[in-house]
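Fold the following, please.
(one chain, ligands or ions: 2)
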Amino acid sequence: MIEQLPVAVLGANGRMGAEAVKAVESAPDMKLVAALGRGDSLTSLTDAGARFVVDLTVPESTEANVRFAVENGMHAVVGTTGWDAGRLERLESLLTGHEGVGVLIAPNFALGSVLASAFAAKASKYFESVEVIELHHPDKVDAPSGTAVRTAQLIAAERASAGVEPSPDATTSELAGARGCEVDGIRVHSVRLRGLVAHQEVLLGGPGEQLTFRHDSFDRASFMPGVLLGVRNVAQHPGLTVGLDGYLDLGL
Ligand SMILES: NC(=O)c1ccc[n+]([C@@H]2O[C@H](COP(=O)([O-])OP(=O)(O)OC[C@H]3O[C@@H](n4cnc5c(N)ncnc54)[C@H](O)[C@@H]3O)[C@@H](O)[C@H]2O)c1
Ligand SMILES: O=C(O)C1=N[C@H](C(=O)O)CCC1
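Numbers count the residues shown, from 1 in each chain. Ligands and ions are numbered 1, 2, ... in the order given. Reported below is the predicted structural model:
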């Protein structure tokens, strides 16, 4: 008989959490042991015997949820946004005291999105200009998206290590926000539009040419293979992993 991984979903009544509950219930190698919503006590995770926690909540809750999981020896697969440098640092030092526990912080679980960001980052050092445009549903509470922040960080790191100059920009007069925001020196623009789910374009420009990496999630089902891949791999990656690309063989 197949051994089933005992999985809990936090944020189970949300858009992503509800989809994750269905995905875990349908996975033959997993057993959904808890599905928690806002206000539910985290102690039900230990009571239910959860060994894997999938966090799909809100930026204000996610750090405390992950801390509870780690302190109780549970592996965590986290899709919630809001993991800035300070939070990641605190999590890394917490994990040093809990050997063997794995945490995956995945700004985007869609495999196509992970690939598009990784390819765009690699390509970006060959182009003079780069800008990121992310487009999401209007119920999203954070901007820019976690995916866009991560993509811009990857791009900035690639360009810095190749010694590429900042993208040219002659703007001297601007209505506030017209040029978007900057993440590690990379311009990021956020669109919120009814009908959208999650979409991103990385625009790379050089003399006389443009290369665009675009990814579209038309449905939250697009995130579920990545969530399940995260749960299946997190125990084999103790410590902190940022980005699902850490579990993929991208050969880059
Ligand atoms: N990594 C990815 O691929 C991916 C994909 C989509 C969304 N997201 C992110 O996931 C998060 C959730 O997105 P969503 O669209 O499902 O939001 P949502 O608002 O629909 O769902 C969040 C749910 O979490 C609940 N919640 C809040 N605090 C909680 C707590 N302490 N314990 C349990 N439940 C709690 C809320 O009541 C709500 O039901 C966001 O940060 C979003 O950006 C990530
Ligand atoms: O719908 C959301 O909210 C999404 N959040 C993540 C982000 O901020 O990048 C992933 C895409 C969908």
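
Does A23 touch V227 like I think?
Yes: in terms of CB atoms under 8 Å, A23 counts as a neighbour of V227; the distance is 6.1 Å. No exception for glycine: its C-beta is placed from N, CA and C like everyone else's.

Show me which of those two is the more surrounded one.
Shown here are A23 and V227; by other CB atoms under 10 Å, V227 has more neighbours (25 against 22).

gap between that one and S117?
Distance, V227 to S117, by CB to CB, to the nearest Å: 17 Å.

what's the closest residue to A116 other than its chain neighbours sitting at in phi/psi?
Using CB to CB, 6 or more residues apart in numbering and skipping residues adjacent in sequence, the residue nearest A116 is H215, 4.1 Å away. Backbone torsions of H215, given as degrees, to the nearest 10, read phi -130, psi 140.

Can you name the residues that contact H215?
Residues in contact with H215 (CB atoms under 8 Å, 6 or more residues apart in numbering) are 110, 112-113, 115-117, 199-200.

separation between it and ligand 1?
Between H215 and ligand 1 the distance is 11 Å, computed by CB to the nearest ligand atom, to the nearest Å.

got it, and L135?
Counting by CB to the nearest ligand atom, the gap from L135 to ligand 1 is 14 Å.

Touching, that residue and L193? I think so.
Yes: judged on CB under 8 Å, L135 makes contact with L193 at a distance of 6.4 Å.

With neighbour numbers in mind, choose between these two.
The neighbour count for L135 versus L193, taken as other CB under 10 Å, is higher for L135 (19 against 10).

wait, what's in contact with the more buried one?
Here L135 is in contact with 190-193, 196, 198-201 (CB under 8 Å, 6+ apart).

Check which helices and strands the longest helix anywhere in the chain sits against.
The residue-count maximum for a helix in the chain (DSSP state H) belongs to helix 146-161. For helix 146-161, the elements it packs on are helix 111-124, strand 129-136, strand 181-183, strand 186-192, strand 198-206, judged by 3 or more CB pairs under 8 Å, 6 or more residues apart in numbering; DSSP states H and E.

For the closest residue to ligand 1 within the stretch 1-150 of the chain, report the pLDDT, please.
Ligand 1 sits closest to G14 of the stretch 1-150 of the chain, with a gap of 2.0 Å, by CB to the nearest ligand atom. Here the pLDDT value assigned to G14 is 98.

measure it to T96 for me?
Plainly put, G14 is 31 Å away from T96 if you go by CB to CB.

neighbour count winner among the two?
More crowded of G14 and T96, by other CB under 10 Å: G14, with 17 against 9.

can you give me phi and psi for the more buried one?
phi -80, psi 180.

Then L91?
Comment: the main-chain dihedrals of L91 come out as phi -70, psi -40, following degrees, to the nearest 10.

Let me see the contact set for it.
Residues counted as contacts of L91 (CB under 8 Å, 6+ apart) are 63, 66-67, 70, 83, 103, 105, 240.

Check G37 too.
Taking CB under 8 Å, 6+ apart, we find G37 in contact with 11-13, 17.

Would you mind checking the residues you listed for buried ones?
11-12, 17 (16 or more other CB atoms under 10 Å).
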